[in-house]
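Undergrad: Build the 3D model from these lines:
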Amino acid sequence: MTSSLPSVTLANPNRWKALSILSLAQFLIILDTSIIGVALPTIQEHFSITQTDLQWIFNAYVITFGTLLLLGGKLSDIIGQRIMFAIGFLILTGSSILAGLAPTNDVLILGRILQGVGAALIAPAALSIVMNLFSNNRSEMNKAMGIWGAAAPAGGTAGVFLGGIITAWFDWPWIFLINVPIGIMVLALIPKLIPQGTKKKGSIDYLGALTITTSLALMIYSIVTANESDSGWLSIQTISMLAASIVLLIIFIAIEKRSKEPLIPLGIFKTINLLSSNIVMALLGASWVSMWFFLNLYLQQILHYGPLESGLALLPMTGLIMVIIVWAMPKLIRKLGTRENLIIGLGLLTLGMTLFSLTPYVATEDNNKFIYMVYVLPASIIAALGMAFAYIPILMSAISGAKIELSGVASGLVNTSYQIGSALGLAIVVSVSTFHSETLIKFGINTLEALINGFHLGFIGAALISALAAIISTILIRTKTQ
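TA: This next block holds a predicted model:
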């Protein structure tokens, strides 16, 4: 009788239905990153806040999400995947209500922080459940991971378009409140469709998570607020916070060295390929998100597009990324190789961002369509090709550089690198751009011209970051993945 047992328990009969819920979760947490882009100018006007303050609505989510991803994975392993998946959705749903009903910008940022907490619990738990559900069948596993993998670019694409529609037809709070009915539906289906998952014994590195999160938050806050005092980057506040951030980072490293079960096993970085891949992934996030931030502002503040028009204007870019990642990239990697696609992608991304820096600042209803077709759309297509060529190869390079027993940590680490790189890069590029615009205004340049010059510097900064990633990839990354 015992010999017949494996055939009975071979596969979960609800695995494909469960996959649809788990993929929806992945879709939603990426959607929450991209859906705010088109709405940012509307939110800025609603709360009468500066561009410096505005970026926190993005950064609050990605900093929390990025720094807590590894902790979320550890909690999922020890407490149980289904429990953490459900807790994550409870937090995401509640915080989405808070963000949507926020009376002030500070409350909105708090809501975004809590959304990041929920996402950091959902993502690793969902991925673990997917892998457990399909572990007995390689063919099904490949198909399931393809569906799971497509959910992220689909969320990014849908976020851009939905953000425009919701902001134009309803109002900006609904870009957060849209999560609520989805969250309630998922929570109702979890007991029926999502298996318990597995647990393992171990300890949780809460102190390590606290120190690295606080360190990164202080670092980004010091950069964002550097221009607010007369002394700028040399102010006592900026220097003190940067120093505190560095001290906490050193403490974090000391904690990880002594911990029996560290949040990040520091030995993993002895592999040069994995270390360089994570650096490149952080730079990719920094350049892409900075470009995305300024492009949304350019479309609405310079070309005078409404939220819906902006969403439609960005749709070719996001649609192209999704098509290439899902359908073309596997063939391109087999044909050209991982490293080659990565270098080509970063080169195209650098070119696209450089072209954005050439966009004119004189725009009226008569010529803004011309500017879009001649300047914005070609740059968008080139940048989209670059991102599509670079993203999957750098993921593969990072994971292939780790030992098998550390593949889960490597996967979480590379995603963390992207999120943290996005936040740090955006903070630095916006700070430099804002300082440039304010300096030009002090010298008598009109506000609109100073604004577009600041945008141009932001695009150039993003291009330089992407170029640096290309150089590192060329010199340091070596991968056998084909």
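Undergrad: which residues does the residue nearest to L358 when sequence neighbours are not counted contact?
TA: Among residues not flanking L358 along the chain, Y375 sits closest, at 6.5 Å (C-beta to C-beta, 6 or more residues apart in numbering). All C-beta atoms are positioned from the backbone trio N, CA, C, and that covers glycine. By C-beta atoms under 8 Å, 6 or more residues apart in numbering, the residues touching Y375 are 355-356, 358-360.
Undergrad: Looking at those, state which has the most neighbours.
TA: F356 (25 neighbours; other C-beta atoms under 10 Å).
Undergrad: Output stretch 105-118 as CSV, restricted to C-alpha atoms.
TA: What follows is stretch 105-118 as a C-alpha-only set of coordinates in CSV (Å, rounded to 0.1, in the frame of the first residue of the first chain):
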residue,chain,number,x,y,z
ASN,A,105,1.4,63.5,1.8
ASP,A,106,3.0,62.1,5.0
VAL,A,107,0.1,59.6,5.5
LEU,A,108,0.3,58.6,1.9
ILE,A,109,4.0,57.9,2.3
LEU,A,110,3.2,55.8,5.5
GLY,A,111,0.7,53.8,3.4
ARG,A,112,3.3,53.2,0.8
ILE,A,113,5.8,52.0,3.4
LEU,A,114,3.2,49.5,4.6
GLN,A,115,2.5,48.4,1.1
GLY,A,116,6.2,47.7,0.7
VAL,A,117,6.1,45.5,3.9
GLY,A,118,3.2,43.5,2.5
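Undergrad: Show me which positions of that stretch end up buried.
TA: Residues of stretch 105-118 classed as buried: 105, 108-118 (neighbour count, 16 or more other C-beta atoms under 10 Å).
Undergrad: what's the most distant pair in these?
TA: N105 and G118 (20.4 Å; C-beta to C-beta).
Undergrad: Include secondary structure, distance to I471 and pLDDT when you put the contacts of Y375 into CSV, please.
TA: Formatted as CSV, these follow (DSSP: H, G, I helix; E, B strand; the rest coil; distance: C-beta to C-beta, whole Å; pLDDT from 0 to 100):
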residue, secondary structure, distance to I471, pLDDT
L355, helix, 20, 97
F356, helix, 21, 96
L358, coil, 23, 94
T359, coil, 26, 91
P360, coil, 30, 88
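Undergrad: in the stretch 1-150 of the chain, which spans are helices?
TA: Counting by DSSP state H, counting those that start in this stretch, the stretch 1-150 of the chain has helices at residues 5-8, 15-34, 40-47, 51-79, 81-100, 105-133, 138-169.
Undergrad: Tell me how far the last one lies from the chain's centre.
TA: Going back to what we said before, that points to helix 138-169. 13 Å (C-alpha atoms, centre = their mean, to the nearest Å).
Undergrad: what packs against the next helix or strand after it?
TA: As assigned by DSSP states H and E, the chain's next helix or strand after helix 138-169 is helix 174-177. Applying 3 or more C-beta pairs under 8 Å, 6 or more residues apart in numbering; DSSP states H and E, one finds that helix 174-177 contacts helix 81-100, helix 138-169.
Undergrad: contact partners of the following helix or strand past helix 174-177?
TA: Following helix 174-177 in sequence order, the next helix or strand is helix 179-193 (DSSP H and E). Residues outside helix 179-193 that contact it (C-beta under 8 Å, 6+ apart) are 14, 17-18, 21, 24-25, 28, 32, 82, 85-86, 89-90, 92-93, 96-97, 100, 115.
Undergrad: how close does T447 get to I441?
TA: T447 is 6 Å from I441, where distance means C-beta to C-beta, to the nearest Å.
Undergrad: Between these two, tell me which one has more neighbours.
TA: Shown here are T447 and I441; by other C-beta under 10 Å, I441 has more neighbours (16 against 10).
Undergrad: I'd say L69 and L121 touch.
TA: No - with contact defined as C-beta atoms under 8 Å, L69 and L121 do not form a contacting pair (9.3 Å).
Undergrad: Between those two, tell me which one has more neighbours.
TA: Applying other C-beta under 10 Å to L69 and L121 shows that L121 carries more neighbours, namely 29 against 25.
Undergrad: what about the closest residue to that one other than its chain neighbours, neighbour count?
TA: Leaving out its chain neighbours, the residue that sits closest to L121 by C-beta to C-beta, 6+ apart is G88, at 3.2 Å. Counted with other C-beta under 10 Å, the neighbours of G88 add up to 27.
Undergrad: wait, what's in contact with G88?
TA: Taking C-beta under 8 Å, 6+ apart as the test, what G88 contacts is 72, 118-122, 125.
Undergrad: Please convert the buried members of these into PyMOL selection syntax.
TA: Here is the PyMOL selection string for the buried members of the contacts of G88, based on 16+ other C-beta under 10 Å:
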select buried, resi 72+118+119+120+121+122+125
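Undergrad: Sort out which one of the contacts of G88 lies nearest S417 for me.
TA: A120 (14.4 Å).
Undergrad: quick one: contacts for the closest residue in space to the closest one that isn't next to it in sequence?
TA: In this structure, A120 finds its nearest non-sequential neighbour in L68, 3.6 Å apart by C-beta to C-beta, 6+ apart. With contact taken as C-beta under 8 Å, 6+ apart, L68 is in contact with 116-117, 120-121, 209, 213.
Undergrad: now swap in N137 and tell me
TA: Contact partners of N137, counting by C-beta under 8 Å, 6+ apart, are A11.
Undergrad: okay, now L249: neighbour count?
TA: 17.
Undergrad: so how far is F356 from it?
TA: Using C-beta to C-beta, which is the criterion applied here, L249 is 33 Å from F356.
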